[in-house]
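*Asks:* Need the 3D shape of this:
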Amino acid sequence: MFEQSGDRVVNTYSINKIMIRFLIILVAMFLPAGLLSQENQIIQDPAAGQILERVAAKTKSMKSMQSDFELVIEDRKEKTRNSSAGNLVIKQNKYKINSKESVVFFNGTTMWTFSPSHNEVTVTEPGVHTDDFMSNPADFFSFYKRDFKYRYVGETLVNGSNCHEIDLFPKNLNQPYSRIKVFVGVKTDLPEKISSIGKDGVDYTVNLKNLLLNQEIDDNVFTFDPTKYKKVEVVDMRGLN
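*Replies:* You can find the predicted model right below:
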């Protein structure tokens, strides 16, 4: 059994950054950009490919999506388990990820990562074209074709719902994870759980709850407003390599 917390010394700020990146991967599953094209798609497993096609079509048709989430970090070596809750909002290629540790705003061009504990916001502009799919979630459905082999595992029960289980294996063996597991609802054709299996024995899992689709959401939600955060320190990284 995993304990709720352990004695392993970990830099909290670094963990928060990893959590943010993993949550962005999750958000990418819902973004409409980079939908699968038949001429570019190479399907290793037709069953998995057909499900991912349906996910792409479903996300393309959505005006917006809101969800609560639970992020679970399990260290298999130290036998520890920690969790963090939050919520996310997605509209087309815009998103906001809100948790106790951080708030990430992305308006389609600019990303603001706000750390409440430091009262600091970092401003970046993720590249439109990059080799790291983690850094550009809007292109996830393009990058996964190029960077992963995928396999249909079968149906399984996740939080009381029947889901398709799909494994994504990175072609680049230097990645810190051995595979990413995606669980897609049989009835919804939407991801309900995603897990990253770490080579270092640390696994990250996000469970989605209380999905709410196609609500009207103002674009201002996805832009950081410094006037709402008293004496916030702004670290502008735009234009820096």
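
*Asks:* Would you mind identifying the next helix or strand past the lowest-mean-pLDDT helix or strand in the chain?
*Replies:* Considering only helices and strands, the least confidently modelled element of the chain by mean pLDDT, DSSP states H and E is helix 12-28, at a mean of 53. Helices and strands here follow DSSP states H and E; after helix 12-28, the next one along the chain is helix 46-61.

*Asks:* Run through the protein and note the low-pLDDT ranges.
*Replies:* Across the chain, the ranges flagged by pLDDT under 70 are 1-43, 127-146, 241.

*Asks:* Going by residue numbers, what spans are strands in it?
*Replies:* Here the chain has its strands, by DSSP state E, at 65-75, 80-91, 94-99, 103-106, 111-115, 120-124, 148-158, 161-170, 177-185, 191-198, 202-213, 233-236.

*Asks:* In TSV, list the ones you listed along with mean neighbour count and distance to residue 225.
*Replies:* All C-beta spots, glycine's among them, are computed from the backbone N, C-alpha and C. Written out in TSV, the entries for those read as follows (neighbours: other Cβ atoms under 10 Å; distance: least, Cβ to Cβ, whole Å):
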stretch	mean neighbour count	distance to residue 225
strand 65-75	19	20
strand 80-91	18	15
strand 94-99	21	12
strand 103-106	22	9
strand 111-115	21	9
strand 120-124	17	10
strand 148-158	15	36
strand 161-170	19	36
strand 177-185	20	34
strand 191-198	21	30
strand 202-213	17	23
strand 233-236	12	12
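
*Asks:* Mind putting these into CSV with distance to residue 57?
*Replies:* Formatted as CSV, the entries for the strands of the chain read as follows, by distance: least, Cβ to Cβ, whole Å:
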stretch, distance to residue 57
strand 65-75, 14
strand 80-91, 16
strand 94-99, 19
strand 103-106, 23
strand 111-115, 27
strand 120-124, 31
strand 148-158, 17
strand 161-170, 15
strand 177-185, 12
strand 191-198, 14
strand 202-213, 14
strand 233-236, 38
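
*Asks:* And the ones you listed: which comes nearest residue 44?
*Replies:* For residue 44, the closest of the strands of the chain is strand 148-158, at 4.8 Å, according to Cβ to Cβ.

*Asks:* Spell out which strands sit alongside that closest one in the sheet and which way each one runs.
*Replies:* Take DSSP bridges as the rule and strand 148-158 pairs in its sheet with strand 161-170 (antiparallel).

*Asks:* report the angle between the axes of the strand it pairs with and strand 191-198?
*Replies:* Between the axes of strand 161-170 and strand 191-198, defined by axes from the mean of the first three to the mean of the last three Cα atoms, to 10 degrees, the angle is 40 degrees.

*Asks:* Would you mind pulling the contact partners of strand 161-170?
*Replies:* Contact with strand 161-170 is made by 48, 51-52, 144, 147-157, 177-187, 192-193, as judged by Cβ atoms under 8 Å, 6 or more residues apart in numbering.

*Asks:* repeat that for 6 Å
*Replies:* 48, 51, 148-156, 179-186, 192 (Cβ atoms under 6 Å, 6 or more residues apart in numbering).

*Asks:* CA atoms of stretch 212-223 as CSV?
*Replies:* Extracted in CSV, the C-alpha atoms of stretch 212-223 (Å, rounded to 0.1, in the frame of the first residue of the first chain):
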residue,chain,number,x,y,z
LEU,A,212,-19.3,19.9,-18.3
LEU,A,213,-19.4,20.5,-22.1
ASN,A,214,-20.3,23.3,-24.5
GLN,A,215,-20.8,26.2,-22.0
GLU,A,216,-20.4,29.8,-23.0
ILE,A,217,-17.0,31.0,-21.6
ASP,A,218,-15.6,34.5,-22.0
ASP,A,219,-12.1,34.7,-23.6
ASN,A,220,-10.9,36.8,-20.6
VAL,A,221,-10.9,33.6,-18.5
PHE,A,222,-7.7,32.5,-20.3
THR,A,223,-5.7,35.7,-19.9
